[in-house]
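Q: Mind looking at a prediction? Sequence and model below.
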Amino acid sequence: MDVFSMRKRWFLFSLLTVLLVLMPLLHAQEDAVTPVPRPDKWWQERFQTNQERIQQGNVDVLFIGDSITHGWDNVGKNTWDEYYADRNVVNLGFSGDQTQHVLWRLENLKWGNAQPKLSMIMIGTNNCHHHTGEQIAQGIEKIVDKLHTLFPDMKILLLAIFPRADVGPEKLSNIAEANKRIAELPKSKPFVHFYDIGTEFLDENGNLPKTIMPDLLHPNARGYAIWASAVEPKIAELLGEYTPEKPPVGFVPLFNGVDLTGWKGLVADPIKRAQMSPEELASAQQKADEEMQAHWKVVDGVLTYDGQGNSLCTGRDYEDYELLVDWKIESGGDSGIYLRGTPQVQIWDNKDGIGSGGLYNNEKNPSKPLVFADNPVGEWNRFFIRIIGDRVTVYLNDKLVVNKTVLENYWDRSQPLFTSGSIELQHHHSPLWFKNIFIREIPRGDGWKKLFNGKDLTGWQAFGGNIDCWKAENGMLVTEGGEGCGWLATTEEYGDFELELEFRLPPGGNSGVFIRAPQEGNPAFEGSEIQILDDYADQYKDLKPWQFCGSVYATVAPSRRVTRPAGEWQKYHISCVGSKVKVVLNGIQIIDADLNDHLDKIKDHPGLKRTKGYIGLQNHGTRLEFRNLRIRPL
C-alpha cells in the first residue's frame, strides 16, 4: 500500500473517531430542556417581530408552539380573526421549533410590563425525532415552569400534542408517552389546565383524514376551525368570558340567569306530540307550563329544580349543535340531558363507579362513558356536548367521555334519530341545579357564510332611508326604528339560497325578512317578505292568516302558528329554489309553497316572479334584534 493511501485511510479513521466523540456532545446541546436558539435568518427576524409586538403592550394571551401554532398567521387567519382578533393574542408559534427553542425564546424576550392572563401551549411534536416521551414531557414542564416564573398569575392551557400520521410507530409512541405524562401536571401545578382535543381531528374510525391535515401533520383551514371551536369554551372560561352577557365566541345563552325565558314545560314525547292536534297540544302545553313554573325556579342566577314536577325543555327545536351545561346534583341524584327530545346524556351519582356523560339508553352502541370524570357530589360539573347527525361527543370536566357515538332513537328503535327536537333537562325525582347553558348551532351542509360579523355593518346597506338606526350591539344586529330609517339590505344579491337567522321581538313588535328584493319600490311586494310579528299582541288579533309570523306576506299563510312569546329568541330557516319557498320557524316547517301557484296576485305583487335580489331586514318602527345571520347560496 502506498504512503498516500495510508494517509487517506488514517485521515478518514481519525475523522470518524472525532465524529463519534463529538456527536453525543452535539446531541447533548440539543436536549429538550436546555434553551437553544436557532440560527435561521427568518427565525431571528420573527423573534424580533415578537419582541416589537410585546413592547407595544396589550398582551392578554400567548399562543406558544411550533409550525402548527405558527400557521394561525396564514392558513388559520380567517378563524383567528373570528376568535382572537379582539383578544390581544400574541402568536409565539415558530415553524420547526422544539421545546428547547421555545425555552430560549421565553428567556430572551424582554417582557417589559406585559402581564398576560392566559397562555395556550401546544409543543413537542418536533421533539419526537430525537427525544423520548419522558424527555419531551420534561421539556414541556420546563416551559410551563418558566412561564409561571415570569407570570405567576397567568393561567396556562396546556394542550396534548396533536395527532399526526406522517411518522412511524416509535415516534408516535414518544408523543403518546409525552401526552400521558403532561396530563398529570395539573395535579402538582393548579395553574395548569390540561386539555386533549386530539380526537377532534380524527374521523369516526380514529384515522387522521387529509381533508383536515393534508400532510398528516399540519391543519388546513378546516383544521384550524376545529381547533378554535374545541378550545373556545375553555379559553372563554379562563378569560372570564363565560356569562349570559358575554358567552364564549359563537355561542348564545339558552338560560339568561334571571328567569325561564326561552324554556317551557315538557309535553309527552316527540312521537305523541306529533300526533296531537294544534288545539290538543296548546292545551297540554298550558298545563305543562303551569307545572314548570311551580317546580323550576331561578335562585341567585342558578336554574333550580325541586324534584317534584316534570322535565324542562327549550322553547324551540334544534338540529346539530354544541351545548355547554354546568350541572350539580346531591347524593343519589339522577338526571340527564335529552338531545332532540331523545334520552340521554346521563347525569347521576352512581354507586358502582360508572360516571356521568354516557349515552345511557343505547342498546346497540356504547352506553357507558369512556372514563370516570365526575367531580365529587355537590360540586359543579361541566358538559361540552356536540351532536352532528346521529353522532354524539361529550366532554365532562375537560375529559372525553363519549367519542362520536351514535345516539339511538329510544322512542322507536326501528327508526333513525329525529333530525331535530328540543333540549330537555330531565326530571328524575332529584333536586337539580343548572347554570351557564350555552349553545352554538352548526348549520348542515357546506358553503355557509356569515351575513353579519357581530361587530359592525360591513356587508350591509340601507335603502329607502338612512342607516343610522341600525347598529351592532353586543353581537346583535339591532334597529330602534325611528323616522327616516331605511330597510337594511345585503350588499350582494342572491337567487337560490338557504338563509338562517334568529330574531327577538318586543311586545307588539313588527318586522320582516325581505327576499329577492330590488333597491327600488316596496320590497315586500317588489320582492317578497317573510313576516316577523308578535302574533300574540292584542293589536294584531284581527289580522288575516297571511299576515301572521312566518307567512309569505300577503301571499301564503303559515300552516300552523309556532311563534314563541315576545322577548324570546326565535329562528328562521328560509329556503328559496326557483319558485319554491320553504319556511321553518323554531324547528317546524310552516311554509312549503310554489309562488307560481299564486300568480293571480301578480298585479299587486310583481315580486312573485323575481328570481334574484337583496336579502333585507325591515324597520317597522319598533326595536328588533337579530343574530346568527348566515346564508348558503345554492
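A: Now that the structure is in, tell me what you want to look at.
Q: any idea how far the helix or strand containing E502 is from the chain center?
A: E502 is part of strand 497-504 when elements are defined by DSSP states H and E. How far strand 497-504 lies from its chain's middle: 18 Å, per Cα atoms, centre = their mean, to the nearest Å.
Q: Against which helices or strands is the helix or strand following that strand packed?
A: Next helix or strand after strand 497-504 toward the C-terminus (DSSP H and E): strand 510-517. In this structure, strand 510-517 makes packing contacts with strand 487-494, strand 497-504, helix 523-526, strand 528-533, strand 570-577, strand 613-617, judged by 3 or more Cβ pairs under 8 Å, 6 or more residues apart in numbering; DSSP states H and E. Every C-beta, even on glycine, is put in place using the N, C-alpha and C of the backbone.
Q: again, 10 Å this time
A: Secondary-structure packing of strand 510-517 (3 or more Cβ pairs under 10 Å, 6 or more residues apart in numbering; DSSP states H and E): strand 487-494, strand 497-504, helix 523-526, strand 528-533, strand 570-577, strand 580-585, strand 613-617, strand 624-633.
Q: quick one on the thing from earlier: CA atoms only for the strand holding E502, dumped as PDB, please.
A: This file holds the C-alpha atoms of strand 497-504, laid out as PDB (Å, rounded to 0.1, in the frame of the first residue of the first chain):
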ATOM      1  CA  PHE A 497     -80.300  30.100  -1.300                       C
ATOM      2  CA  GLU A 498     -80.800  28.900   2.300                       C
ATOM      3  CA  LEU A 499     -81.000  31.600   4.900                       C
ATOM      4  CA  GLU A 500     -80.800  31.200   8.700                       C
ATOM      5  CA  LEU A 501     -81.300  33.900  11.300                       C
ATOM      6  CA  GLU A 502     -82.600  34.400  14.800                       C
ATOM      7  CA  PHE A 503     -84.800  37.300  15.800                       C
ATOM      8  CA  ARG A 504     -86.200  38.800  19.000                       C
END
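Q: For L202, which of the helices and strands packed on strand 510-517 is the nearest?
A: The closest of the helices and strands packed on strand 510-517 to L202 is strand 624-633. By Cβ to Cβ, the value is 26.6 Å.
Q: mind listing what's buried in stretch 612-623?
A: 613-622 (16 or more other Cβ atoms under 10 Å).
Q: what's the offset of it from the middle of its chain?
A: 28 Å.
Q: Same question for stretch 124-142.
A: So, by Cα atoms, centre = their mean, the centroid of stretch 124-142 is 31 Å from its chain's centroid.
Q: what do you get for stretch 489-504?
A: Centroid separation for stretch 489-504 versus its chain: 22 Å, with Cα atoms, centre = their mean.
Q: what do you get for stretch 308-315?
A: That offset, for stretch 308-315, works out to 25 Å (Cα atoms, centre = their mean).
Q: ok, back up a step: right, so of the helices and strands packed on strand 510-517, which gets closest to L238?
A: L238 lies closest to strand 624-633 among the helices and strands packed on strand 510-517, at 24.7 Å (Cβ to Cβ).
Q: neighbouring strands for the closest one, and are they parallel or not?
A: Sheet pairing of strand 624-633 (DSSP bridges) gives strand 449-450 (antiparallel), strand 476-479 (antiparallel), strand 497-504 (antiparallel).
Q: per-residue confidence averaged over the shortest one?
A: Per-residue pLDDT over strand 449-450 has a mean of 96.
Q: Sheet partners, orientation included, of whichever helix or strand comes after it?
A: With elements assigned by DSSP H and E, the helix or strand that comes after strand 449-450 is strand 460-463. Paired with strand 460-463 in the same sheet, following DSSP bridges, are strand 487-494 (antiparallel).
Q: Using CSV, write out the CA atom coordinates for the partner strand.
A: The C-alpha trace of strand 487-494 is given here as CSV (Å, rounded to 0.1, in the frame of the first residue of the first chain):
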residue,chain,number,x,y,z
TRP,A,487,-84.6,48.9,5.4
LEU,A,488,-81.3,47.1,5.7
ALA,A,489,-80.1,45.2,2.7
THR,A,490,-77.2,43.0,1.9
THR,A,491,-74.6,44.4,-0.5
GLU,A,492,-74.8,41.3,-2.6
GLU,A,493,-77.8,39.9,-4.4
TYR,A,494,-79.0,36.3,-4.1
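Q: Identify each buried residue in it, please.
A: In terms of neighbour count (16+ other Cβ under 10 Å), strand 487-494 has its buried residues at 487-490, 494.
Q: I'd like these laid out as a markdown table, including pLDDT and distance to S559.
A: Output for the buried residues of strand 487-494, formatted as a markdown table (pLDDT from 0 to 100; distance: Cβ to Cβ, whole Å):
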| residue | pLDDT | distance to S559 |
| --- | --- | --- |
| W487 | 95 | 27 |
| L488 | 97 | 29 |
| A489 | 97 | 29 |
| T490 | 98 | 28 |
| Y494 | 98 | 25 |
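Q: Let me have the residues you listed in CSV, extended by distance to I140.
A: CSV is the format used below for those (distance: Cβ to Cβ, whole Å):
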residue, distance to I140
W487, 55
L488, 50
A489, 52
T490, 47
Y494, 49
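Q: Please identify which two of the residues you listed are farthest apart in space.
A: Farthest pair in the buried residues of strand 487-494, by Cβ to Cβ: W487 and Y494, 15.7 Å.
Q: Walking through this structure, point out its helices one by one.
A: For the chain, applying DSSP state H gives helices covering 3-29, 41-55, 67-70, 77-83, 99-108, 133-150, 169-182, 185-188, 221-238, 270-275, 278-295, 523-526.
Q: Could you check the strands paired with strand 624-633 and tell me which one is nearest A236?
A: Across these, A236 has its closest neighbour in strand 476-479 (18.2 Å, Cβ to Cβ).
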